[in-house]
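let me see the structure of the following:
(chains A and B)
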Amino acid sequence: MGSEFHASYLDVPPGGGGLKSWIFSTDHKRIAILYLISILAFFFVGAAIGILMRLELIAPGKTLFEPSTYNALFTLHGVIMIFLFVIPGMPAILGNFFLPIMIGAKDVAFPRLNLLSWWIYMAGALLAVASLFTGGGPPDTGWTFYVPYSLRTGTNVTLAVFAAFVLGFSSILTGLNFITTVHRLRAPGMTFFRMPLFVWAHYATAWIQILATPILAITLVLVMAERLFGIGLFDPAKGGDPLLFQHLFWIYSHPAVYIMILPPMGYISEIIPTFAKKRIYGYKAIALSSLAIAFVGYLVWGHHMFTSGMSDTSRWIFSLLTFLVAIPSGVKVFNWVATLYKGSIELEPPLVYVLAFIFLFSIGGLTGLMQGALATDIHLHDTYFVVGHFHYIIFGGAVFAFMAALLYWFPKMTGRMYSKRAVWVALAHQFVGFNMLYFSMLILGMMGMPRRYYDYLPRFQTLHVVATVGSWILVAGLVVLAAALLRALRRGERAPANPWGGVSLEWTIPSPPPEENFSLPPEVGEPYDFSKGPAR
Amino acid sequence: MSAAVPAPHTHRDPEVSRIGMWLFLLTEMLLFAGCFLAYAVFRVRYSGDFHFAAQELNLSLGLVNTLVLLTSSLTMVLAIAAMEQGRAGRAAAWTGATIALGAVFLVVKGFEWAAKFRHGIYPNSPALAAAHTPGEQVFYGLYYTLTGLHALHVVIGMVVLAVMLVFVLRAARSAEGEGPGALADRLENAGLYWHLVDVIWIFLFPLFYLIS
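As a prediction, this is how the structure comes out:
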């Protein structure tokens, strides 16, 4: 098999190279790279806006911007990071690249639809950008578009909401594609319980994308209809109910958090066994806990509304259900740690990022429980505590796991190895900066600093300064990591097919993978079986 | 490009597109489910107002439209059955009939809306606010939102069927090209979408016209 010639997916295809061979390619790997580049571009824009916000908050009162500009900035930061980075980024980048390979398929079930998803993503992104410069100017509602303010503000909410609607469509198509792929394109021998946990995680995520996103779509349609025609469903003067918006919005947007975190949990479940050289502990428990999280996560939206006005009965039911989500999440964390126990551990960069993930995600999870409890939530709601918690989950959890996964699969995707020393430097900065930035927010929140405020009392300043300085260190770490990977693209050493000694199917094919993935049907054995040595 | 390489492990089947279509229909149902949820909330809150507002709707036009859509589902099934038997000409005729019935539905709906507009019953109208209770206003808000969204889906369905009609006509003219089996599969998927549009109306009709 080794003597055969394989054209890499990165090689110039027979039809000619250039931009066209990328933006019209239906190869799932090329589409993954398209997503990677466009989504990371937006990530850096979102991060830059975050830095500006932190800069404004370094001192009370006006530092750089007018209050209205600040409102636009935090809205923009949220919209970009949620709708243009995390929600599409977690499933669509690595999922596109590795889900088909890991189940031994040549591509996803609908390759053209896959390309269309990326185009729709780009259209949505363009609309979002256009909303900044047209109409009444950038939206200032926060990414949640809460009524009644989003109905009254003169800023360009309608277009921004439409952009989110379009992006949701892209997400639905990706989910539809992945579910069909998993059901119909598994290689012979690849039973459901032989699939890598990465695939399980993406499968559960795809169901959430399909089942939850339409609810967001209709909610956004109603906001648009409200602004354009004044239908009145959210307007108490016309018999409507603004709280209905919050319910509909969170019926999607809470499950959306699991769109952001389930794929990263899948990355973690691949990386840990490879660097512990040990079968993952509790394979079935982790696989099924993904589905359990997807299911229970559907029923907890009310915990975003404990202070909005709900009956006490619904409040304690939502609180109880919220605590229940901690069980499958806890199952995963304990199983990961148990996999490391007595493993033959190699402290390579991806694994160290995973360890950082476990630490930060645990803080995020535990602070989540504090808000799930009704009494403490009254105190913590709408404070910086929520902002801190959310970033521990999504940045400390999802994004650290994403960086771990990018470092794990970078050699496979590009055929190059990066400088490990540069990565250590990056991680040290990120970890220190991250905790300075967001742990300060947790404390600020407990002290009573409200979120979304432009100004604050002088007694909060010390922690705000710590947070702002932390944001600089964090971004320095991100820049170092980006630079290390970009440099590796050109000057990195050639990576072998299996640099880490992994056992899933992507390590059986060359780096970078050939255009057709597999020239022969792959041999499928038990998952995470390290007894036969690394995959060849 | 890849046709030269035998690919036993990426075996393709018509089941793939059918699963994809059903998943897509699921998302469409959930899109409407959000509105049905809003309907349920307001119906419980304003059950009396909904009762009186529903009396103002034109039951006979609603009934006509229900029959029109039900008939269009029948013509759709006949089109698919004809295509499966390889009779493309007949399939084209039934597909055309389905599109025509969709158009009839929209025209009737248009007359219904126009009559309401003449009486000042439309979203954000001063007359609506002056002469109706908040509960009745919400009823009309839901009425326009749901029937409007549904009408939009009828239009999308007609466009999809028009595209299919082109393919079917092309198959009718020449024996060459896409096999009738593959085309029947695609027509069936288009038909699934059309049935969904029909089914949603089956729910809308009692919820708005028959509750008084």
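
how about the nearest residue to A:M310 once chain neighbours are set aside, what does it touch?
Nearest non-adjacent residue to A:M310, counting by C-beta to C-beta, 6 or more residues apart in numbering or on different chains: A:G302, 6.4 Å away. The C-beta positions use only the backbone N, C-alpha and C, and glycine is treated the same way. By C-beta atoms under 8 Å, 6 or more residues apart in numbering or on different chains, the contact list for A:G302 reads A:247, A:250, A:310, A:314-315, A:317-318.

so which of the residues you listed sit within helices?
Of the contacts of A:G302, the ones assigned to helices by DSSP state H are A:247, A:250, A:314-315, A:317-318.

show the buried residues in the contacts of A:G302.
The neighbour-count test (16 or more other C-beta atoms under 10 Å in any protein chain shown) applied to the contacts of A:G302 identifies A:247, A:250, A:310, A:315, A:318 as buried.

quick one: which of the ones in helices among the contacts of A:G302 is nearest to B:A115?
Relative to B:A115, the closest of those is A:H247; by C-beta to C-beta it sits at 33.9 Å.

helices or strands next to the strand or helix carrying A:M260 in the packing?
Here A:M260 sits within helix A:242-276, counting by DSSP states H and E. When contacts are defined as 3 or more C-beta pairs under 8 Å, 6 or more residues apart in numbering or on different chains; DSSP states H and E, helix A:242-276 sits against helix A:87-92, helix A:94-102, helix A:197-229, helix A:283-296, helix A:312-340, helix A:349-372, helix A:400-414, helix B:14-45.

which one of those helices lies closest to B:L67?
helix B:14-45 (21.3 Å).

show me how far the closest one is from its chain's centre.
12 Å (C-alpha atoms, centre = their mean, to the nearest Å).

check whether that helix contacts chain A.
Yes: for helix B:14-45, a contact with chain A is found by C-beta under 8 Å from any C-beta of the partner chain, at B:15-17, B:19-20, B:23-24, B:26-35, B:37-38, B:41-42.

pull out the buried residues from the residues you listed.
By 16+ other C-beta under 10 Å, the residues of helix B:14-45 next to chain A give B:16-17, B:19-20, B:23-24, B:26-28, B:30-32, B:34-35, B:37-38, B:41-42 as buried.

any idea which of the ones in helices among the contacts of A:G302 is closest to chain B?
A:H247 (8.0 Å; C-beta to the nearest C-beta).

for that closest one, what are its contacts?
A:H247 touches A:301-302, A:305, counting by C-beta under 8 Å, 6+ apart.

got those residues as a markdown table, with pLDDT and distance to A:F390 columns?
Shown next, in a markdown table, are the contacts of A:H247 (pLDDT from 0 to 100; distance: C-beta to C-beta, whole Å):
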| residue | pLDDT | distance to A:F390 |
| --- | --- | --- |
| A:W301 | 94 | 15 |
| A:G302 | 94 | 17 |
| A:M305 | 95 | 16 |
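
what's the following helix or strand after the helix or strand of chain B with the lowest mean pLDDT?
Within chain B, no helix or strand scores below helix B:126-131, which has a mean of 88 by mean pLDDT, DSSP states H and E. Next along the chain after helix B:126-131, taking DSSP H and E as the criterion, comes helix B:134-173.
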